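# Build me a model:
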Amino acid sequence: MYGLPKNANNHNSAIGLPPPVISEMIIKLSNKAMEKYNGIIGKTYSIEEVSKHNKKDDCWIIVNNKVYDMTEYLLYHPGGPNLLFKCAGRDATDDFEGMFHSRNAKAILERFYIGKASSSSSSSMLLSPNYKPPPSFSSSSSSSSSLKPFLVPSTSSISNTAVTLSAVSTPKNRNKIIVSKVKIDKKVKSTENTYHYFLEIPEEHNNLEWISPLSHVSLAKFNNEDTTNNHENVTFKSYTPIKLTKDKKYLEFLIKGYENGDVSKHIDQLKEGDHLLLKGPIQTAENFNFEKQQNYLLMIAGGTGITPMIQIILESFYNDNNSNNNLKFILIYSSNNENDIIYKTELDEISKQFKDRLFIHYVITKPRYNNNNNNNNDNNNNNNNNNNKNESVESFKKGRINQDMILTCLEPIIIKLIPKMITDSMETLVCGPIDFNQSISKELLKIGFKDNQIHLLQ
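Residues are numbered from 1 along each chain as shown. I've put the predicted structure just below:
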């Protein structure tokens, strides 16, 4: 097994721990990454050599005096590519240890091990005099076509070592991050397999900044039998809370249950009064400054990728402290079918209330109903979103989001902005599965948006 220390599993067994869990996808990815080294693993590299590998298609890092080639893993990093890429070509020990990675995450890192750093390398981050930090993940100096991402995990799995209940700080912005047991106070059905969850925040943590544009938390199964509070084997998954209740007691989430999702499947089976493990709040707004947005903001979401968009919309229109009162939003929201549209009733109400500032375009890829032949045998008559089937299918755009569809949605805005270029007037947020994000990014580039205007939320 590439990159995994020979005694790793033996050590785990000796102390009574199960072996780390690594997905088959990551195993294949790491095997592919190691092919170019032809089995030659363990070579010693100087700081000078490592510092040259600071591009998005050539990304090395040092952790604890070991060298790792993370190029293939960049787009799959749970915290987003930029969080990993900012360490390219340098010693990332402090960054890695500061994020409380789990045994699983550490085992994944070892699969990308290629050698040792020379004795002059250390976690003090001493760099070659010729070292230049990577400008951004979207640097045009690289031949890769991958785009500069913005980092808000919304549905991707994160296996982190959770810390104890004492507060800690992120290296970037020193916001408190706590890990705590939280109770599901309320659970309400939204769509066929999506529910509203209201999680009760412990009173001592009510003053934390749980909601700010593009903040998130991580959730995990709470084990009543675990009295150690070290959560060593806990698997966390990141979710975006859409709002905090006015009394600051409850965080509201929209969470879809996936049959193959370890955390989401568990959450889907819980009932009111059950508990989860929550870690947060996590602020990751490194490349996108909401306060500096002017004129228009284009948001394109797929499926549960709508949650960070809802968070921004609610904060923008209903937070009295928001100073960006003139910003207009164009939301293009893609779902499988009419009944899969999450939060539609609420979004429509907001759109009516702020009709001059919020423009919503619903897209469905697999229409379930049509005007002439409704499916009378549909098995989802109890679906709370059934009112969508009565809405004319013609009110939805159909198919995959592409360049033409985006331009159609922007037509009223384009007319107002002539002769100013539409691409000079707005930035874009894109959130959905990895394939969705990459596809939308390519379409935006065709229109004329630049890399630094496209922020991918992973």
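# quick one, strands of the stretch 201-350 of the chain?
For the stretch 201-350 of the chain, the strands defined by DSSP state E, counting those that start in this stretch cover 215-221, 236-239, 243-244, 250-256, 275-283, 296-302, 328-335.
# partner residues bridging the closest residue to S218 other than its chain neighbours?
Leaving aside its chain neighbours, S218 sits nearest to F236 (3.8 Å; criterion: Cβ to Cβ, 6 or more residues apart in numbering). For every residue, glycine as well, the C-beta is placed using N, CA and C. Beta bridges link F236 to I158 when assigned by DSSP bridges.
# was I right about C431 contacting G305?
Yes. Between C431 and G305 there is a contact at 3.4 Å, judged by Cβ atoms under 8 Å.
# So between the two, which is more surrounded?
With neighbours defined as other Cβ atoms under 10 Å, C431 and G305 compare such that C431 has more, 29 against 26.
# Now do the same contact list for the more buried one.
Going by Cβ atoms under 8 Å, 6 or more residues apart in numbering, C431 touches 152, 154, 299-302, 305-309, 437, 456-457.
# circling back to that earlier point, does the residue nearest to S218 really touch A220, like I thought?
Yes. Counting by Cβ under 8 Å, A220 is a contact partner of F236 at 4.6 Å.
# E48 - how many residues pack around it?
Applying other Cβ under 10 Å, I find that E48 has 14 neighbouring residues.
# Let me know the helix or strand that it is in.
Element membership for E48, per DSSP states H and E: helix 47-51.
# Tell me the helix or strand right after that helix.
strand 54-55.
# what pairs with that following strand, and is each one parallel or antiparallel?
Strand 54-55 has these partner strands in its sheet, going by DSSP bridges: strand 58-63 (antiparallel).
# which helices and strands sit right next to the strand ranked longest in the chain?
In the chain, with assignment by DSSP state E, the single longest strand is strand 176-191. Judged by 3 or more Cβ pairs under 8 Å, 6 or more residues apart in numbering; DSSP states H and E, the packing partners of strand 176-191 are strand 168-169, strand 194-200, strand 250-256, strand 275-283.
# now the angle between strand 275-283 and that strand, please.
Inter-element angle recorded for strand 176-191 and strand 275-283: 120 degrees (by axes from the mean of the first three to the mean of the last three Cα atoms, to 10 degrees).
# Strand 176-191 pairs with which strands, and in what direction?
Strand 176-191 sits in its sheet next to strand 168-169 (antiparallel), strand 194-200 (antiparallel), strand 275-283 (antiparallel), going by DSSP bridges.
# For M70, find the nearest of the helices and strands packed on strand 176-191.
In terms of Cβ to Cβ, the element of the helices and strands packed on strand 176-191 nearest to M70 is strand 275-283, at 20.9 Å.
# rewinding a little: in CSV, list the contacts of C431 along with distance to G399 and pLDDT.
Output for the contacts of C431, formatted as CSV (distance: Cβ to Cβ, whole Å; pLDDT from 0 to 100):
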residue, distance to G399, pLDDT
V152, 27, 36
S154, 23, 40
M299, 19, 96
I300, 14, 97
A301, 16, 97
G302, 13, 96
G305, 18, 93
I306, 18, 96
T307, 23, 95
P308, 24, 93
M309, 20, 96
N437, 18, 89
L456, 22, 83
L457, 23, 80
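# now these as CSV including distance to K116?
Putting the contacts of C431 into CSV (distance: Cβ to Cβ, whole Å) gives the following:
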residue, distance to K116
V152, 35
S154, 37
M299, 45
I300, 44
A301, 44
G302, 42
G305, 40
I306, 45
T307, 42
P308, 40
M309, 45
N437, 35
L456, 34
L457, 36
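# Would you agree P202 is in contact with K183?
No. Contact status for P202 versus K183: not in contact, 9.4 Å apart, counting by Cβ under 8 Å.
# who has more neighbours, those two?
Legend: neighbour count by other Cβ under 10 Å for P202 and K183, higher for K183 (17 against 14).
# Not counting sequence-adjacent ones, nearest residue to the more buried one?
Setting aside the residues directly before and after it, K183 is nearest to E200 in space (Cβ to Cβ, 6+ apart), at 4.6 Å.
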